[in-house]
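Chemist: Next one to model:
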Amino acid sequence: MRFKKRQILSCCLILLLSMTFGCRKKADDQTASGTGTKPPAPAATQTRAAAVDLERAVSEIQTEAQTMTVESLKATALKYKDAILAKQADVEKLAAKIKEIPLTEALGEEAKKLKADLGNLETGLKALKDRFQVYYDALKQKGADLTDLAL
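Modeler: Numbers count the residues shown, from 1 in each chain. Below you'll find the predicted structure:
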């Protein structure tokens with residue numbers, strides 16, 4: 001009886017783990033048909049909005065932005081704007097938390113960790129702004145409406 005319970009528990013655990021880790025798919029790799037292959041990109045212009053990506057170089061993003069349509073540029077710029085606003089809120093919260101630290105603890109380990117986290121957030125925010133500016137400038141060159149992209 002004890003062996004049977006362990007066996008059932010092991011099977012349930014394996015099933016749960018395989019569902020959790022083995023069945024994930026990237027959203028970019030899925031197509032409408034669900035085949036899991038990437039759709040071919042159009043040769044002349046790219047109509048799909050790019051995702052917020054801090055790993056790619058700005059020069060690479062500039063090259064891509066030149067081939068994108070106004071709609072996809074605007075959609076991508078809006079994604080970056082949303083990410084920037086969210087990151088700015090995080091920076092403000094952390095900065096307020098650092099200001100609340102008493103002077104006696106300002107040089108402690110917790111304060112150093114918070115300051116390092118703030119530095120990382122500010123670096124990420126600058127990277128987001130740099131990439132947003134690429135899409136904003138491309139939209140400006142194409143004469144698009146920029147009213148809802150103000151930061």
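Chemist: All the strands of the protein, residue numbers only.
Modeler: For the chain, no strands are identified by DSSP state E.
Chemist: so where's it shaky on pLDDT?
Modeler: 1-7, 9-50 (pLDDT under 70).
Chemist: Now with 50, please.
Modeler: Counting by pLDDT under 50, the chain contains low-confidence ranges at 23-35, 37-47.
Chemist: Please go through it and pick out the longest helix.
Modeler: Ranked by residue count, the top helix of the chain under DSSP state H comes out as helix 109-141.
Chemist: Would you quantify the distance from the nearest residue to residue 90 once chain neighbours are set aside to residue 78?
Modeler: Closest residue in space to residue 90, ignoring its immediate chain neighbours: residue 121 at 5.7 Å, by Cβ to Cβ, 6 or more residues apart in numbering. Where you see a C-beta, it was placed from the backbone N, CA and C, and this is true even at glycine. Distance of residue 121 to residue 78, computed by Cβ to Cβ, to the nearest Å: 21 Å.
Chemist: ok, those two, which is more surrounded?
Modeler: residue 121 (18 against 15; other Cβ atoms under 10 Å).
Chemist: shouldn't the more buried one be in contact with residue 92?
Modeler: No - in terms of Cβ atoms under 8 Å, residue 121 does not count as a neighbour of residue 92; the distance is 9.8 Å.
Chemist: Perfect, I'm done here.
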